[in-house]
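A.B. asks: Structure for the following, please:
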Amino acid sequence: ATATAVVQSLGAMVFLSDYLGVDGLLDTLSYTNAVTLARIACTSRMGAVAAHEAQQRPALCVVKGNLETVKAELREQLAAKPTVVFVQY
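C.D. replies: Here you go, the predicted structure:
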(Lines give C-alpha, C1' and ligand atoms only; values in the text may rest on other atoms or scores of the structure.)
Protein backbone atom coordinates (compact mmCIF):
# COMPACT_ATOMS: atom_id res chain seq x y z
CA ALA A 1 0.00 0.00 0.00
CA THR A 2 1.16 3.51 -0.72
CA ALA A 3 1.62 6.10 1.99
CA THR A 4 -1.29 8.05 0.52
CA ALA A 5 -3.59 5.05 0.89
CA VAL A 6 -2.40 4.45 4.44
CA VAL A 7 -3.22 7.96 5.64
CA GLN A 8 -6.53 8.48 3.83
CA SER A 9 -8.54 9.13 6.98
CA LEU A 10 -8.02 10.68 10.37
CA GLY A 11 -8.58 7.29 12.00
CA ALA A 12 -5.73 5.79 10.02
CA MET A 13 -3.51 8.72 10.93
CA VAL A 14 -4.26 8.41 14.64
CA PHE A 15 -3.56 4.68 14.39
CA LEU A 16 -0.24 5.35 12.67
CA SER A 17 0.83 7.90 15.27
CA ASP A 18 -0.09 5.52 18.09
CA TYR A 19 1.59 2.58 16.41
CA LEU A 20 4.65 4.19 14.83
CA GLY A 21 5.19 7.20 17.05
CA VAL A 22 5.83 10.72 15.83
CA ASP A 23 9.01 9.92 13.90
CA GLY A 24 7.41 6.99 12.10
CA LEU A 25 4.39 9.09 11.17
CA LEU A 26 6.59 11.87 9.78
CA ASP A 27 8.65 9.34 7.83
CA THR A 28 5.45 7.95 6.33
CA LEU A 29 4.13 11.41 5.48
CA SER A 30 7.42 12.34 3.83
CA TYR A 31 6.46 10.09 0.90
CA THR A 32 3.28 12.06 0.15
CA ASN A 33 2.89 15.08 -2.11
CA ALA A 34 1.64 18.58 -1.27
CA VAL A 35 -1.93 17.82 -2.37
CA THR A 36 -2.21 14.86 0.01
CA LEU A 37 -0.54 16.78 2.84
CA ALA A 38 -3.04 19.61 2.35
CA ARG A 39 -5.89 17.12 2.68
CA ILE A 40 -4.32 15.69 5.84
CA ALA A 41 -3.88 19.20 7.25
CA CYS A 42 -7.62 19.82 6.90
CA THR A 43 -8.59 16.79 8.99
CA SER A 44 -7.61 18.00 12.46
CA ARG A 45 -5.08 19.96 14.47
CA MET A 46 -2.86 16.90 14.62
CA GLY A 47 -3.13 16.58 10.84
CA ALA A 48 -2.18 20.22 10.39
CA VAL A 49 0.88 19.91 12.63
CA ALA A 50 1.96 16.61 11.07
CA ALA A 51 1.56 17.96 7.52
CA HIS A 52 3.49 21.13 8.39
CA GLU A 53 6.35 19.12 9.88
CA ALA A 54 6.42 16.74 6.90
CA GLN A 55 6.81 19.72 4.56
CA GLN A 56 9.98 20.97 6.28
CA ARG A 57 12.38 18.69 4.43
CA PRO A 58 14.34 20.03 1.45
CA ALA A 59 13.55 18.70 -2.02
CA LEU A 60 14.71 19.16 -5.58
CA CYS A 61 12.35 18.54 -8.49
CA VAL A 62 13.40 18.62 -12.12
CA VAL A 63 10.57 18.56 -14.65
CA LYS A 64 10.73 19.00 -18.39
CA GLY A 65 7.89 19.57 -20.85
CA ASN A 66 5.20 22.03 -21.80
CA LEU A 67 3.49 24.18 -19.19
CA GLU A 68 0.55 21.82 -18.60
CA THR A 69 2.82 18.78 -18.22
CA VAL A 70 5.12 20.64 -15.83
CA LYS A 71 2.19 21.80 -13.68
CA ALA A 72 0.75 18.28 -13.48
CA GLU A 73 4.09 16.65 -12.65
CA LEU A 74 5.02 19.25 -10.04
CA ARG A 75 1.66 18.78 -8.36
CA GLU A 76 2.59 15.12 -7.89
CA GLN A 77 6.27 15.62 -6.97
CA LEU A 78 6.32 18.64 -4.67
CA ALA A 79 5.87 18.01 -0.99
CA ALA A 80 5.62 21.67 -0.02
CA LYS A 81 5.33 25.16 -1.40
CA PRO A 82 8.65 25.86 -3.12
CA THR A 83 10.91 28.59 -1.78
CA VAL A 84 13.03 28.85 -4.94
CA VAL A 85 11.96 28.06 -8.50
CA PHE A 86 14.06 28.21 -11.66
CA VAL A 87 12.18 28.12 -14.96
CA GLN A 88 13.96 27.80 -18.27
CA TYR A 89 12.13 27.88 -21.58
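
A.B. asks: Can you check what pLDDT the model gives Asn66?
C.D. replies: Asn66 carries a pLDDT value of 87.

A.B. asks: And the average pLDDT for the one helix or strand Val49 maps to is what?
C.D. replies: Secondary structure assignment for Val49, by DSSP states H and E: helix 45-54. Here helix 45-54 scores 86 as its mean pLDDT.

A.B. asks: next one: that helix to chain centre, how far?
C.D. replies: Computed by Cα atoms, centre = their mean, to the nearest Å, the chain-centroid distance of helix 45-54 equals 10 Å.

A.B. asks: which residues of this structure score low on pLDDT?
C.D. replies: 1-17, 83, 89 (pLDDT under 70).

A.B. asks: all strands of it, in order?
C.D. replies: For the chain, no strands turn up when DSSP state E is the criterion.

A.B. asks: How about stretch 40-59, which residues are buried there?
C.D. replies: Within stretch 40-59, the residues that count as buried by 16 or more other Cβ atoms under 10 Å are Ile40, Ala41, Thr43, Gly47, Ala50, Ala51, Ala54, Gln55. In short, each C-beta sits where N, CA and C put it, glycine included.

A.B. asks: Could I get those in TSV, plus columns for distance to Asp27?
C.D. replies: As requested, those are exported to TSV (distance: Cβ to Cβ, whole Å):
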residue	distance to Asp27
Ile40	14
Ala41	18
Thr43	19
Gly47	16
Ala50	11
Ala51	14
Ala54	9
Gln55	14
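
A.B. asks: Check which helices and strands the helix holding Val49 sits against.
C.D. replies: Judged by 3 or more Cβ pairs under 8 Å, 6 or more residues apart in numbering; DSSP states H and E, the packing partners of helix 45-54 are helix 10-29, helix 34-41.

A.B. asks: about what we covered before: and of the buried residues of stretch 40-59, the nearest to Glu73?
C.D. replies: Distance to Glu73, by Cβ to Cβ, is smallest for Gln55 among those, at 18.4 Å.

A.B. asks: Can you report how many residues neighbour the closest residue to that closest one other than its chain neighbours?
C.D. replies: Counting by Cβ to Cβ, 6 or more residues apart in numbering, Ala80 is the residue found nearest to Gln55 once chain neighbours are left out, at 3.5 Å. The local packing of Ala80 (other Cβ atoms under 10 Å) involves 17 other residues.
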